[in-house]
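Asks: pasting the sequence and the predicted model now:
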Amino acid sequence: MSGKIYLHPEKGVNPRLTICQWCGGDAPELVLVGNDDSVYICGNGCGAKLYGGMGRSRQKCPKCGQVGNWQFDHKLEEYEKLPGGPCDKCQKKIDEENERMAEARKEVEAGGVFWKCEKCGSEGAIKRTHPICAEVRKKLNTPTPRSCGVAFTPEECPVCNGEMDKT
């Protein structure tokens, strides 16, 4: 960001509230868009949107990765909110998930095995003391501390089977 804001002729700094991209609730940021109140949509068909700015035709699309063929979509409406970072509730969940996955990585480095469900997408680590870990590591020829993992079917998944929460 250049650190400059071009004032809107009628709305000045043109402040905008934001919404959480995870849950759709109110997010804590306030964005000052000034005169950059246009919304562009990626012409490559991926549906990505860019808010504000000019000369977006050469900017790479963050969603599809192609050079964006950015097309004007609309001017921001008076009370239109912009996508922002996570709300406090979602940020707490993200932090907890990051902490959980850091613990899982430590367990795998010590001899455990990652697992992921093919159906629900839940994931975690099997503790190194479980007999399956030695079998999996031997079959995959993956000694510690290298990581390895297995895919669970819905029948094997502890989340699909109700053995643990998917939170």
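Replies: Now that the structure is in, tell me what you want to look at.

Asks: got the domain ranges for this structure?
Replies: 15-84, 97-152 (automatic domain parsing).

Asks: out of the ones you listed, which gets the lowest mean score?
Replies: Mean pLDDT per stretch puts domain 15-84 lowest among these, at a mean of 87.

Asks: tell me where this structure has strands.
Replies: Shown for the chain, the strands assigned by DSSP state E span residues 15-20, 26-32, 38-41, 49-51, 71-75, 82-84, 113-117, 123-126, 149-152.

Asks: and of these, who's closest to Cys160?
Replies: Closest to Cys160 of those, according to C-beta to C-beta: strand 113-117, at 6.2 Å. Quick note: C-beta positions are derived from backbone N, CA and C, even for glycine.

Asks: hmm, back to that, and the strands of the chain as JSON lines, adding mean neighbour count and distance to Lys138?
Replies: Output for these, formatted as JSON lines (neighbours: other C-beta atoms under 10 Å; distance: least, C-beta to C-beta, whole Å):
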{"stretch": "strand 15-20", "mean neighbour count": "17", "distance to Lys138": "45"}
{"stretch": "strand 26-32", "mean neighbour count": "16", "distance to Lys138": "48"}
{"stretch": "strand 38-41", "mean neighbour count": "18", "distance to Lys138": "52"}
{"stretch": "strand 49-51", "mean neighbour count": "17", "distance to Lys138": "49"}
{"stretch": "strand 71-75", "mean neighbour count": "11", "distance to Lys138": "55"}
{"stretch": "strand 82-84", "mean neighbour count": "17", "distance to Lys138": "47"}
{"stretch": "strand 113-117", "mean neighbour count": "20", "distance to Lys138": "11"}
{"stretch": "strand 123-126", "mean neighbour count": "21", "distance to Lys138": "14"}
{"stretch": "strand 149-152", "mean neighbour count": "17", "distance to Lys138": "13"}
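
Asks: circling back to that earlier point, distance to Cys160 added to the domains of the chain, as JSON lines?
Replies: Converted to JSON lines, those look like this (distance: least, C-beta to C-beta, whole Å):
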{"stretch": "domain 15-84", "distance to Cys160": "23"}
{"stretch": "domain 97-152", "distance to Cys160": "6"}
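
Asks: many thanks, have a good one.
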